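Enquirer: prediction below, plus the sequence it came from.
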Amino acid sequence: MKPASPAPADIDAVRQFNRFHTRLVGALDEHLLASPLALPQLRVLYEVAKAPRQAPMSARAIAEALQMDPGHLSRVVAALEGMGLIERTPAADHGKRLELRPTAEGRQLFAKVDAASAKEVAALLAPLSPAERRELVGAMARVRQLLGDTPASSTVILREPVPGDMGWIVHRQARLYAEEYGWDWTFEGLVAEIAGRFVQQFQPGLERCWVAEREGSVIGAVFVVRADEHTAQLRMLYVDAAARGLGLGRRLVDECIRFAQAAGYRRMVLWTNDILTAARHIYEATGFVLEREERHQSFGKDLNGQYWAREL
């Protein structure tokens, strides 16, 4: 389905944020961070100085990394070279390819500006509480994810829930199933009931919730609850759309199985619907077997519920 065209209000909101950020970082200043450099010059110097000494960058590589017009980049490089901050040298393996390296003066200036930038950001974050800082960093990471700029190497951690996580899990699951499957608001009532019961009746050592986090942003969750003395139940497996393809769903299910085995359960069960194909593939891959199915009408849809189980 083709996405709807952006609303004028959304476009205006992004432009307002861009103007705010430009002011915030002083991007319009003639000399950024009390240096003799304007923003394009400083960005190019950053790329040159940050490159490993044994693998210096070429102008072409910098143009691609910064998505910068080659003609504009050439003028910036010439200006930095004229200031004595960088130098161009033939590559050892290709005499016609020029590599860019910082001069001693360039390294000295970069170190000074880099320290000033870190100090400026520290001052910006200082008035915020630790929770507000996590929220800010998470929001920034989410913006990068949505706009396609999240590094593939981002580390995902699994942790215990903290205040605010349960509400987030309910909200995100309700939104995801509404957007992807058209389920109505009654599904939100179900997940809120499950989360509330987990909190109110939590049995340490027999039940567990894992929250998956990447760069300060929550991207998934799963629960194990006690069904009876010998049976654990896996509930509410969720992986954010921005985190798919990382193997996170399998990792969460594996954690559930290991926990249930260590807790002394003999069996693990779960309930799902056949349209949730990605989750079904994970359950099959981790040893679950489909025991029975039943048609039902829930969440505004006609669905086929499935009961899966595995021995521990």
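Expert: Ah, there it is.
Enquirer: got the phi/psi numbers for the residue nearest to residue 302 when sequence neighbours are not counted?
Expert: Residue nearest to residue 302 in three dimensions, not counting chain neighbours: residue 295, with 7.0 Å by Cβ to Cβ, 6 or more residues apart in numbering. Any C-beta I mention is one placed from the backbone N, CA and C, and that applies to glycine too. Dihedral pair for residue 295: phi -80, psi 140, per degrees, to the nearest 10.
Enquirer: could you do residue 51 as well?
Expert: The phi and psi values for residue 51, taken as degrees, to the nearest 10, are phi -60, psi 140.
Enquirer: also residue 157?
Expert: Per degrees, to the nearest 10, the backbone of residue 157 is at phi -110, psi 150.
Enquirer: show me the contacts for it.
Expert: By Cβ atoms under 8 Å, 6 or more residues apart in numbering, the residues touching residue 157 are 212-214.
Enquirer: ok, those vs residue 185, which is closest?
Expert: Using Cβ to Cβ, residue 212 is the member of the contacts of residue 157 that sits closest to residue 185, with 25.3 Å.
Enquirer: what segments of the stretch 201-312 of the chain are helices?
Expert: Taking DSSP state H, counting those that start in this stretch as the test, the helices found in the stretch 201-312 of the chain are 248-262, 277-285.
Enquirer: with respect to burial, which of these scores highest?
Expert: helix 248-262 (a mean of 18; mean count of other Cβ atoms under 10 Å).
Enquirer: what mean pLDDT does that one get?
Expert: In this model, helix 248-262 has a mean pLDDT of 94.
Enquirer: stretch 126-143 too?
Expert: pLDDT averaged over stretch 126-143 gives 80.
Enquirer: for that stretch, buried residues please.
Expert: Within stretch 126-143, the residues that qualify as buried by neighbour count (16 or more other Cβ atoms under 10 Å) are 138, 141-142.
Enquirer: measure stretch 200-215 end to end?
Expert: Using Cα to Cα, to the nearest Å, the end-to-end distance of stretch 200-215 comes to 30 Å.
Enquirer: same deal with stretch 193-213?
Expert: First-to-last residue span, stretch 193-213, Cα to Cα: 23 Å.
Enquirer: quick one: which of the contacts of residue 157 has the most company?
Expert: Among these, the one with the most neighbours (other Cβ atoms under 10 Å) is residue 212, at 24 neighbours.
Enquirer: just the pLDDT at the spatially most central residue of the chain, thanks.
Expert: Centroid-nearest residue in the chain, with Cα atoms, centre = their mean: residue 214, separated by 5.0 Å. On pLDDT, residue 214 comes in at 82.
Enquirer: which residues touch it?
Expert: 141, 154-157, 243.
Enquirer: so how far is residue 137 from it?
Expert: 11 Å (Cβ to Cβ, to the nearest Å).
Enquirer: now swap in residue 267 and tell me
Expert: 41 Å.
Enquirer: and if you look at residue 259?
Expert: 29 Å.
Enquirer: also residue 146?
Expert: 15 Å.
Enquirer: all helices for the stretch 1-150 of the chain, in order.
Expert: Under DSSP H, counting those that start in this stretch, the stretch 1-150 of the chain gives helices at 8-24, 39-50, 59-66, 70-82, 104-125, 130-146.
Enquirer: shaky segments in the stretch 1-150 of the chain?
Expert: Within the stretch 1-150 of the chain, the ranges that satisfy pLDDT under 70 run 1-3, 27-34, 92-96, 150.
Enquirer: out of the helices of the stretch 1-150 of the chain, indicate the one that is most buried.
Expert: helix 39-50 comes out most buried of those by mean count of other Cβ under 10 Å, with a mean of 20.
Enquirer: what's the angle between it and helix 104-125?
Expert: 110 degrees (axes from the mean of the first three to the mean of the last three Cα atoms, to 10 degrees).
Enquirer: which other residues reach helix 39-50?
Expert: 27, 32-33, 35, 37, 56-57, 62, 65-66, 68, 72-73, 76-77, 79-80, 85-86, 100-102, 106-107, 109-110, 113-114.
Enquirer: sweet, I'm off.
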